[in-house]
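Participant: Fold the following, please.
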Amino acid sequence: MMADHYLRLARKSAAKWAFNRQRARGEKGNIMNRETPVQPTLEALMAGYVRRQAEAEALGLGHGEGAEVTPYEAGPVQPIDPKLAWDEGLAALSYFGIAAKGFKAPTGWAQLVAMAEPQIAVPFCVGNYPQLVRDFHKLLQQADWTPQRHVDSTPVNAPAVIEWAHKATSFPQRIFALATLRLAKQYDRARGLASAAVPMEWQAAWDNELAALAWQEGRADAARTLWRKQPPTLPIRFNLAMAELFIGGGTSVKEELEAVMADLPESSAWHHLARLYHTLGVMRIK
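Facilitator: Prediction:
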């Protein structure tokens, strides 16, 4: 009975996070009754969809070729809007003292987002976005999340990303190159950037990226060690709590995530991902 109670809490958190994600995409509608929601008309959906696509294309963030996108997806897993993914992928920078607005997405970003596989343990860093966590059923039914740290190391076929990253020799493009190569599982190429000269103002964000690279490669303990050496900015605190949750061994995961949630605006999808992880922490401890 207690397990069922916390499972319901987790589902509620997941539903709230998913709703926030949809709202952030610009889907506006009047919900007259939560039991019988009124869906917008087809004309309104199409108009909004076309408008968002035009805005995204102007920023180089249109959906990649081969991505199946519909104005209204009724299924449990929806295609990720590359513009929203890019906005969320820049969110960590502000906590390292870097103004993130105006940065254009790398070439091939939309295709990379379209090919992204669902993840469970997502660090707060450049290029990552909470919408990578979208297999809620698997997440909430899993009794032990530790095995989820294992990752498929098969590189993604993303020649446009690789070509762009090879030409990225200055900042901020260099940190975007590291992030996109990591997401494409081009780990050897990403590690090849690790020794790059880094401007002082980018050093903290860069160190966080190197830890995130270790995490995605499956070197979770090494990633946690790197995060522990860094100043406790909000992304680092998020990542340490996330690592303790999925690796195990932490005794204050709930309290750490509660503090992170308090410092993240509720309008942020990262806030709701922290809330989801917090609920998982409650379930694990109970």
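Participant: what about residue 154, is that helix, strand or coil?
Facilitator: Classification of residue 154 using DSSP: H, G, I helix; E, B strand; the rest coil returns coil.
Participant: Number of residues surrounding the nearest residue to it once chain neighbours are set aside?
Facilitator: The shortest distance from residue 154 to any residue other than its chain neighbours is 6.5 Å, reached at residue 185 (CB to CB, 6 or more residues apart in numbering). Where C-beta positions appear, they are placed from N, C-alpha and C, glycine not excepted. The criterion is other CB atoms under 10 Å. On that basis, residue 185 has 19 neighbouring residues.
Participant: can you check residue 163 too?
Facilitator: Residue 163 is flanked by 11 other residues according to other CB under 10 Å.
Participant: For this structure, which residues score under the pLDDT cut-off?
Facilitator: Residues of the chain that meet the criterion pLDDT under 70 lie in 1-78, 136-152, 249-251, 284-286.
Participant: Distance-wise, check residue 212 relative to residue 128.
Facilitator: The span separating residue 212 from residue 128 equals 7 Å under the rule CB to CB, to the nearest Å.
Participant: list residues touching both of these two?
Facilitator: residue 179 (CB atoms under 8 Å, 6 or more residues apart in numbering).
Participant: ok, back up a step: I'd say the residue nearest to residue 154 and residue 153 touch.
Facilitator: Yes. Using CB atoms under 8 Å, residue 185 and residue 153 qualify as a contacting pair, with a distance of 6.1 Å.
Participant: Which parts of this structure are helices?
Facilitator: Under the criterion DSSP state H, helices of the chain are mapped to 2-24, 42-58, 82-89, 91-94, 109-114, 136-141, 159-167, 173-183, 187-191, 203-216, 220-228, 234-247, 253-263, 269-285.
Participant: what sits against residue 191?
Facilitator: For residue 191, the contacting residues are residue 213, taking CB under 8 Å, 6+ apart as the criterion.
Participant: Oops, could you answer that again for residue 239 instead?
Facilitator: Residue 239 makes contacts with 123-125, 208, 211-212, 215, 223, 227, as judged by CB under 8 Å, 6+ apart.
Participant: what about the spatially closest residue to residue 126 that is not a sequence neighbour, how many neighbours?
Facilitator: Leaving aside its chain neighbours, residue 126 sits nearest to residue 179 (4.5 Å; criterion: CB to CB, 6+ apart). Burial measure for residue 179: 24 neighbouring residues, criterion other CB under 10 Å.
Participant: quick one: residue 179 from residue 244, how far?
Facilitator: 23 Å.
Participant: Likewise for residue 131?
Facilitator: Counting by CB to CB, the gap from residue 131 to residue 244 is 23 Å.
Participant: which of those two has more neighbours?
Facilitator: When residue 131 and residue 244 are compared on other CB under 10 Å, the one with more neighbours turns out to be residue 131, at 26 against 19.
Participant: what about the closest residue to that one other than its chain neighbours, how many neighbours?
Facilitator: Closest residue in space to residue 131, ignoring its immediate chain neighbours: residue 80 at 4.8 Å, by CB to CB, 6+ apart. With neighbours defined by other CB under 10 Å, the count for residue 80 comes to 22.
Participant: Cheers, nothing more for now.
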